[in-house]
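Asks: Here you go, sequence then predicted model.
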Amino acid sequence: MQVQRLVKIGLFSSLGKHELQQLAGWTDELVVPEGDDLVTEGQLAHEFFVIEDGTAEVRRNGAHLADLGPGDFFGEMGLLETQRRTASVVATSEMRLVVMFEREFRQMERDMPVVADRVRSAIRERLTD
């Protein structure tokens, strides 16, 4: 993943050059078509996603929960809280995603507390909704 692209994503925008270079080594780009099932409710969680371009819908038990777009992220609850996906996410347009697997996500959590705090804050907000 390119540092220049990561710095444009709000979740990572406050990181320094060294941290962004480290993050670039931990992340990959994923391009998916409209209609792609990105995560499925109940399955084991292995990845964290940040939307760079495109849109997605979050569903739980088939009911619409939220719409996501550039800068939004998902997958963190399964990695940090439940081990399983708490909702399904489906691409509603072609998407470009930043993806990080669990091992790298845990490393980011340890090495970049600013990002980890933002992710945990989002979890708290989602759990109270």
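Replies: Here it is on my side, so go on.

Asks: starting at the chain centroid, how far to the helix ranked longest in the chain?
Replies: Using DSSP state H, we find that the single longest helix of the chain is helix 113-128. Centroid separation between helix 113-128 and its chain, computed with Cα atoms, centre = their mean, to the nearest Å, is 12 Å.

Asks: Can you tell me which helices and strands it packs against?
Replies: Helix 113-128 is packed against helix 76-77, helix 102-111, with contacts defined by 3 or more Cβ pairs under 8 Å, 6 or more residues apart in numbering; DSSP states H and E. C-betas here are computed from N, CA, C, even on glycine.

Asks: other SSEs contacting the shortest one?
Replies: In terms of contact count using 3+ Cβ pairs under 8 Å, 6+ apart, helix 76-77 is assigned the packing partners helix 113-128.

Asks: can you pull the buried residues of the helix it packs on?
Replies: Of all the residues in helix 113-128, those buried under the rule 16 or more other Cβ atoms under 10 Å are 115-116, 118-119, 122, 126.

Asks: any idea which of those is the one closest to R106?
Replies: R106 has its nearest neighbour among the buried residues of helix 113-128 in A116, at 9.7 Å by Cβ to Cβ.
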